[in-house]
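>>> Have a look; sequence and predicted model below, questions after that.
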Amino acid sequence: MRRYRHAKIVATIGPASSSPDMLHALFLAGVDTFRLNFSHGLQEDHAKVHAAIRSLESEVGRPIGILQDLQGPKIRIGTLAGGRLDLVTGERIRFVLDGHEGDKLAIPLCHPEIFAAAMPGQDLLIDDGRVRVRVTDLEAAAMSAEVVTGGTISNRKGVNLPGTLLDLSPLTEKDRIDLAFGLELGVDWVALSFVQKPSDMLEARALVGGRAGIMSKIEKPQALERIDDIIRLSDAVMIARGDLGVEIPPEDVPCRQKELIRACRLAAKPVVVATQMLDSMVGAPAPTRAEASDVATAIYDGADAVMLSAESATGLYPAAAVAMMERIIQSVEGHRLYRSIVSASELGEEETPPHAVATATAELAEAVHARAIVAYTSSGTTAARVARKRPAVPILALTPERITSRQLSLLWGVHSVHTGTVNTYEEMTSKALQQAQAEGFATSGEFIVAAAGIPFDTAGNTNNIRLIQI
């Protein structure tokens, strides 16, 4: 089964979409990678979904990616008397480090790192910024504040302290338990929430140990300050615009999105644009025109994938939301201005021989009107380097590693196939010919361009191009 588009679709699984029948419907509608959100649900629930996806994969005969999204150290208020409090602009309130069933003078905030980092005059944002309070006084285990923007807060709502580096690891004890569970299941990607600095990635990489790709979620402004190092230490990046849009001004988010997509393309790392892309479809059968434009902008920018969150996890129309995203992508990629816009965002000269070989592969394929670029790859790096150029020619990635074939389902323009190992150049050529025809990319008399790294068991060593006529 081929996707006749370049950008990929990630869908979050939840109560609305966890049944085997719905998973099948979502795949047919266009999902390439399924996201398991470990902020919600029990481990046994995720295990059932994981097993259903793997069963679906066997049924359709196509690699399907599974992304485990860890909760991370989400800062939240505790429980409140009556479950909610109405805060009025101008009134004084008080947060306490220890407590429960709090009132306005004892709102539980059981996060010592907030008390250590906060300063008088700083703002705290509650419930994604719907309520804003300003710190006035600090004590060892209490903090007074004035309500700047009033509203209603309820149990367990999130708290943000914009512009402040918090002394915490992105991996909580819950995350470590969930991570071990996900790796045992065999997830393909692990998304790390609330990354702030490069060392956060090193900590996660030591725990994962190469058993899955690590995706850094960019949702803190502190991460933007060290973004090049974070991207270098990541296998993929998610632009998590929900929390990022709370921590930085909303008008800055689109510019940051473009910068991040460009930086990831430069590094040949997959980048996913996420959060509220078709949010209206949580409760409506169609998106707003602005939401359709939002998805289209990400595609014009060259994002590898776009993601559905609540739309597919808890919404009333999960399959319709996926189908809509598919149609938007196809419409953009089929538009007469698409190629010129993508070409206008060329990334400049290549800095290494492997990148230069991948660039030459893409240019040769376009020059001879090849039907496909065949990238033989063990780690996925060769395919990523070719995809970095966003060629007009589809990319057929052949890999002997099953996890690589699944991870490549996230990569722009790549149709991945799990295949056997090759030991000689002749075997690689023969397999490229065979798979290009079997997968419906080329027929007799047509050209394909093959790229590989030789020796074949050396990851990341893209050093060979071959023009082949079927």
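Looks like it arrived, so ask away. For clarity, every value in this text was computed on a predicted model and none was experimentally measured.

>>> Give me the neighbour count for residue 196.
22 (other C-beta atoms under 10 Å). Heads up, the C-betas are built off the backbone N, CA and C, glycines and all.

>>> Does it touch residue 225 like I think?
No: using C-beta atoms under 8 Å as the test, residue 196 is too far from residue 225 to be in contact (9.1 Å).

>>> Common neighbours of those two, please.
Counting by C-beta atoms under 8 Å, 6 or more residues apart in numbering, residue 196 and residue 225 have no common neighbour.

>>> care to break this protein down by domain?
According to the domain assignment given by automatic domain parsing, the chain is divided into the following structural domains: 8-73+170-335, 81-160, 353-469.

>>> do you know how far residue 77 is from residue 125?
Spatial separation of residue 77 from residue 125 under the definition C-beta to C-beta, to the nearest Å is 12 Å.

>>> So between these two, which is more surrounded?
Between residue 77 and residue 125, counted using other C-beta under 10 Å, residue 77 has the larger neighbour count: 23 against 19.

>>> What pLDDT is listed against that one?
Among the per-residue scores, residue 77 holds a pLDDT of 92.

>>> show me what contacts it?
Applying C-beta under 8 Å, 6+ apart, one finds that residue 77 lies in contact with 95, 102, 107-109, 126, 153, 155-157, 159.

>>> Among those residues, which lie within helices?
The helices, defined by DSSP state H, take in nothing from those.

>>> In the beta-sheet assignment, what are the partners of residue 468?
Beta bridges link residue 468 to residue 448, judged by DSSP bridges.

>>> Could I get the contacting residues of it?
429, 432-433, 447-450.

>>> Find the nearest non-adjacent residue to residue 145, please.
In this structure, residue 145 finds its nearest non-sequential neighbour in residue 133, 4.1 Å apart by C-beta to C-beta, 6 or more residues apart in numbering.

>>> Tell me, how many residues neighbour that neighbour?
Here the number of neighbours of residue 133 (other C-beta under 10 Å) works out to 27.

>>> try the one 3 residues further on
Residues near residue 136, counting by other C-beta under 10 Å, number 14.

>>> what are the pairing partners of the helix or strand containing it, and which direction each?
Of the helices and strands defined by DSSP states H and E, residue 136 is found in strand 131-138. Counting by DSSP bridges, the strands paired with strand 131-138 are strand 123-126 (antiparallel), strand 142-149 (antiparallel).

>>> Only the buried residues of it, if you could.
By neighbour count with 16 or more other C-beta atoms under 10 Å, strand 131-138 contains the buried residues 131-133, 135, 138.

>>> Now for residue 461: which residues touch it?
Residues counted as contacts of residue 461 (C-beta under 8 Å, 6+ apart) are 354, 453-455.

>>> hang on, isn't the residue nearest to residue 145 packed against residue 150?
No: here residue 133 does not reach residue 150: they are 9.3 Å apart, not a contact under C-beta under 8 Å.

>>> any residues in contact with both of these two?
Taking C-beta under 8 Å, 6+ apart as the contact definition, residue 133 and residue 150 share the neighbouring residues residue 87.

>>> Format the contacts of residue 77 as CSV; extra columns: pLDDT.
Below are those laid out as CSV (pLDDT from 0 to 100):
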residue, pLDDT
95, 95
102, 83
107, 95
108, 94
109, 94
126, 94
153, 94
155, 91
156, 86
157, 90
159, 92
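
>>> Understood, closing this out.
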